[in-house]
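**Student:** Give me the fold of what follows.
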Amino acid sequence: MVGSDLKYYLSGGTANTNPDLSLGGIISTTQVGTSLHGLFDKVTPEEASAGDIEYRAIFVKNTHVSETAYDAVLYVSAETTSTSTIIAVAYDSAGSQTVVNENTAPSSPAMTFTTPYNKATGVALGDIAPGTTKMIWFRRTVTAGAVKLSPDAGQITVIVGSAT
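**Tutor:** As a prediction, this is how the structure comes out:
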């Protein structure tokens, strides 16, 4: 099992190609990268002035045909470049939650959003068997009075341990 066997996909249904609609549900066939720049839309002047919190869900999929990704851990390997935005992550163990819009927090099952910046503080996803997925939620918080910065990009990483 190598890290390149772990792929990231939008949520929101098999035909969804729009990150703004990646609001949970089932996995899309649209693959996304590890950069968070394309997952969230641009912050509007109104959102920057007032502050804003938005949510997105993606799936981490093990595309290897026979090997399990053991002890997978997700963390934010590069925080956003803006000091006015923060990305937090949470693991949806049920893997099927949907929210009505990008400003609604996922609530069932209850999840704890954290800002892990390394493997030691990362979110434990457990083992990911071949062909299976784990749903991850992201929360982007824009502080009121945010200064314009383009692009505002962060990065996620999923690391796997060794076979046990």
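
**Student:** Parallel or antiparallel, which strands does the helix or strand where residue 55 lies pair with?
**Tutor:** Per DSSP states H and E: residue 55 is located in strand 52-62. Here strand 52-62 has these sheet partners by DSSP bridges: strand 6-11 (antiparallel), strand 133-142 (antiparallel).

**Student:** any weak-confidence spans in the protein?
**Tutor:** 1-3, 37, 149-154, 161-164 (pLDDT under 70).

**Student:** Strands of that one, residue ranges please.
**Tutor:** Remark: strands assigned in the chain by DSSP state E are 6-11, 27-32, 52-62, 69-78, 85-92, 123-128, 133-142, 155-159.

**Student:** Distance from the strand holding residue 55 to the middle of the chain?
**Tutor:** 4 Å (Cα atoms, centre = their mean, to the nearest Å).

**Student:** Please export the alpha-carbon coordinates of it; PDB is fine.
**Tutor:** Extracted in PDB, the C-alpha atoms of strand 52-62 (Å, rounded to 0.1, in the frame of the first residue of the first chain):
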ATOM      1  CA  ASP A  52     -18.400  33.200   7.600                       C
ATOM      2  CA  ILE A  53     -18.400  29.500   8.400                       C
ATOM      3  CA  GLU A  54     -18.800  27.000   5.600                       C
ATOM      4  CA  TYR A  55     -18.700  23.200   5.500                       C
ATOM      5  CA  ARG A  56     -17.700  20.600   2.800                       C
ATOM      6  CA  ALA A  57     -17.500  16.800   2.800                       C
ATOM      7  CA  ILE A  58     -15.100  14.600   0.800                       C
ATOM      8  CA  PHE A  59     -14.300  10.900   0.800                       C
ATOM      9  CA  VAL A  60     -10.900   9.300   1.200                       C
ATOM     10  CA  LYS A  61     -10.900   6.100  -0.900                       C
ATOM     11  CA  ASN A  62      -8.400   3.300  -0.900                       C
END
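
**Student:** Give me the angle between it and strand 155-159.
**Tutor:** Compare the direction of strand 52-62 with that of strand 155-159 by axes from the mean of the first three to the mean of the last three Cα atoms, to 10 degrees and you get 30 degrees.

**Student:** What residues of strand 52-62 count as buried?
**Tutor:** For strand 52-62, the neighbour count (16 or more other Cβ atoms under 10 Å) marks 52, 54-62 as buried. Every residue, glycine included, has its C-beta placed from N, CA and C.

**Student:** can you check stretch 29-42 too?
**Tutor:** 30, 32, 36-37, 39-40.

**Student:** how close does residue 63 get to residue 6?
**Tutor:** 7 Å (Cβ to Cβ, to the nearest Å).
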